[in-house]
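# Give me a 3D structure for the following:
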Amino acid sequence: MKVIIVGAGWSGIAAAIVAKKVGAEVILLEKTDLTLGLGNVGGIMRNNGRFTASEELIAMGAGELIELTDSISRHKNINFPGHKHAWLYDVNKIEPIIRKYIEDLGIELHITSRVSDVEKEGDKIKGVYLSDGTYIEGDVFIETTGSTGPMGNCLRYGNGCSMCILRCPAFGPRISISARAGVDDLQGEREDDVFGAFSGSCKLSKESLSEEVKEKLNEEGVVILKVPTEDINLDKLKSKVCQQYALKEFAENIILLDTGEAKLMTTYYPLEKLRKIKGLELAKYVDPYAGGKGNSIRYLSVAPRTDDMKVKGIDNLFVGGEKSGLFVGHTEAICTGTLAGYNAVRYALGMPMLILPRSTVIGDIISYANYKLTTKEGRRNRYTFAGAEYFNRMKENNLYTTDLQVIQDRIKKLNLDGIFSYRLVSSDS
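Model prediction:
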């Protein structure tokens, strides 16, 4: 069988890995010249409940991406406001490592290959058209295109194109595969009739920081600098996609994390005000380049789905990552992409879909976020293992733990240990 995956961010790559492992032929289409998407500017793993989710993935046989980010983490078990035991991987090293890994698996990767339309027959997608006119047929399709772009959305709901890592002007706009197939997408909100939310962080060149700040960042992984009283803007926290960072500490302080460059934990910050802060007098934005005035706008294209990650109304289309819900983070993208890739193969084989039980954190967030998307209040929230509403739910339901044995026993008791590593398609079929 042939599985076509559109979008090679964390979710698309996770889907590709599991689909290939269980026996499918996998074609991965990416519109830019880089895999990983926002993973090239992110860098935070294992903080708060993401530790539990990461270890669940490993126990279920889908821990490859967790282990690869672990292997190039610059700092382990660091704390910063609202967050404990975070691991920070090097964003400058991760992409070629991941690309080599998926190519070594035999996944067929096509970069600079933007999907522009689909061909349908009844309630099924037959194939996709690339912007150069190429047509690719498949048996089952997975969309992991994210929810940011095209540029007009960042202008309408934000402060214009911020020239971010997604580079819409260079590689073309994001196309919603689900919408092209006739399904109405949903949108996240941040207030009445204001859709989407700003990406939650920026990236500064580490070399543009003072020697003192740079040295502390390299040694400790985190630097906290006071914002001048006249520049504190608590209202800006409302615009953040990352509600787990929408704490007053993130308005009253500049919080920098060492992810190879300096990750600035704010949606945007005027450059002239940033340079008033001691140690940042020469600060320079690396991503987005317009981080002094804005950031990318996300959550403008979410497909309605069931808890097995299948799109409602299209028989052979699955979704993962932000395309599948108001999720925040790499771990969340990997989890949803993994289930989408696995169930895509089960669908093509005529097998029943796997719905992860809500006694797992991964199964619970997939189900909970799906339900909340149907409510107006729920569309104003974001769902992440790392904080805000969902992390509180994890703790209340006794799902959050850093005890590896407890996590492994939980997965084994559910007969899910190693499930994502068992081959479904015989090698001679």
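
# Measure how buried the closest residue to residue 47 other than its chain neighbours is and give me the count.
Closest residue in space to residue 47, ignoring its immediate chain neighbours: residue 86 at 3.7 Å, by Cβ to Cβ, 6 or more residues apart in numbering. C-beta: built from backbone N, CA, C; applies to glycine. Using other Cβ atoms under 10 Å, residue 86 has 24 neighbouring residues.

# So residue 86 sits against residue 44, correct?
Yes. Taking Cβ atoms under 8 Å as the contact criterion, residue 86 and residue 44 are neighbours in contact, 5.7 Å apart.

# Give me the common contacts of those two.
Listed as contacting both residue 86 and residue 44 by Cβ atoms under 8 Å, 6 or more residues apart in numbering are residue 257.

# how close does residue 169 sit to residue 154?
Relative to residue 154, residue 169 is positioned 11 Å away (Cβ to Cβ, to the nearest Å).

# out of the two, which sits in the more crowded spot?
The residue with more neighbours, out of residue 169 and residue 154, is residue 154; 29 against 11, by other Cβ under 10 Å.

# So that one belongs to a helix, correct?
Yes. Assigned with DSSP: H, G, I helix; E, B strand; the rest coil, residue 154 falls within a helix.

# what sits against it?
Counted by Cβ under 8 Å, 6+ apart, residue 154 has contacts 148, 160, 161, 162, 294, 296, 297.

# Check residue 98 too.
With contact taken as Cβ under 8 Å, 6+ apart, residue 98 is in contact with 13, 35, 36, 39, 65, 68.

# A strand includes the fourth one, no?
No. The secondary structure assignment for residue 39 gives helix rather than a strand, going by three-state DSSP.

# Now it: closest residue in space, sequence neighbours ignored.
residue 10 is the one closest to residue 39 (Cβ to Cβ, 6+ apart), at 5.1 Å.

# One more: the third one?
Taking Cβ to Cβ, 6+ apart as the measure, residue 36 lies nearest to residue 95, with 5.1 Å between them; neighbours along the chain are not counted.

# and the one you found, which of the three is it?
The three-state assignment at residue 95 reads helix, by three-state DSSP.

# Kindly provide the distance from it to residue 254.
Look at residue 95 and residue 254: by Cβ to Cβ, they are 27 Å apart.

# neighbour-wise, which of those two wins?
When residue 95 and residue 254 are compared on other Cβ under 10 Å, the one with more neighbours turns out to be residue 254, at 23 against 15.

# That one pairs with what?
When assigned by DSSP bridges, residue 254 has beta-bridge partners residue 225.

# For the chain, name the helix or strand with the lowest mean pLDDT.
Across the helices and strands of the chain, mean pLDDT, DSSP states H and E gives its lowest value to helix 249-252, namely a mean of 79.

# In it, which residues are buried?
250, 251, 252 (16 or more other Cβ atoms under 10 Å).

# Cool, thanks, talk later.
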